[in-house]
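Novice: Provided below are the primary sequence and the corresponding predicted coordinates.
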Amino acid sequence: MRVRAAAAALAMCALRAPAQEPRSFQPEARLDLFFASGTTVQAAAGGAWAVDPNVRVVVLGGLGSTFTSGVGQLSARADVLARYVLDPERRQRWALYGAGGISVRYEAQPSWRGALVALVGLEGPRWGKWTPFFEAGYGGGVEIGFGLRRSRVTGR
């Protein structure tokens, strides 16, 4: 009787499905250039959470300087983006991805403002535990960025 009860209890315990696995966090550090009414240079840090094999939710914060007529002023930003990875299994050495979302930016003039962001990126091969990337797009001006993000254990 005890053996039957133990077997029934084990049969009712489900194994963990891939969808139930904990989401992996991917920290990243980057340098971004923005070209609009002035030129902005910002260092940024943040991270991404996988919500699907192809989709990552990215949260970033940046701090730097905006140069207008040769004068630099403080600038900052916070971004929330969704990144769609075309090669989540890392089958290719280099892989394209697209990203889009919203950004809140601070500059001395005109102070805080929001922007919609659309980016195209290229992610490279692993460098140890890190993966280099390059991005270009538009979000209130032309945006170019590059940096390193932590490599996932499996896939991109």
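Specialist: Yep, it's here.
Novice: For residue 76, which non-adjacent residue is spatially closest?
Specialist: Of all residues beyond its chain neighbours, the one nearest residue 76 is residue 106 (4.5 Å), with distances taken as Cβ to Cβ, 6 or more residues apart in numbering. For glycine as for every other residue, the C-beta is placed from the backbone atoms N, C-alpha and C.
Novice: Wait, the one you found touches residue 66, no?
Specialist: No: under the criterion of Cβ atoms under 8 Å, residue 106 is not in contact with residue 66, lying 9.5 Å apart.
Novice: And for residue 94, the neighbour number?
Specialist: Counted with other Cβ atoms under 10 Å, the neighbours of residue 94 add up to 12.
Novice: before we move on, what about the one 3 residues further on?
Specialist: Neighbour count of residue 97, defined by other Cβ under 10 Å: 20.
Novice: any idea which element it lies in?
Specialist: Assigned by DSSP states H and E, residue 97 belongs to strand 95-107.
Novice: Have a look at the protein and report the helix or strand with the lowest mean pLDDT.
Specialist: For the chain, using mean pLDDT, DSSP states H and E, the weakest element among its helices and strands is helix 2-12, scoring a mean of 60.
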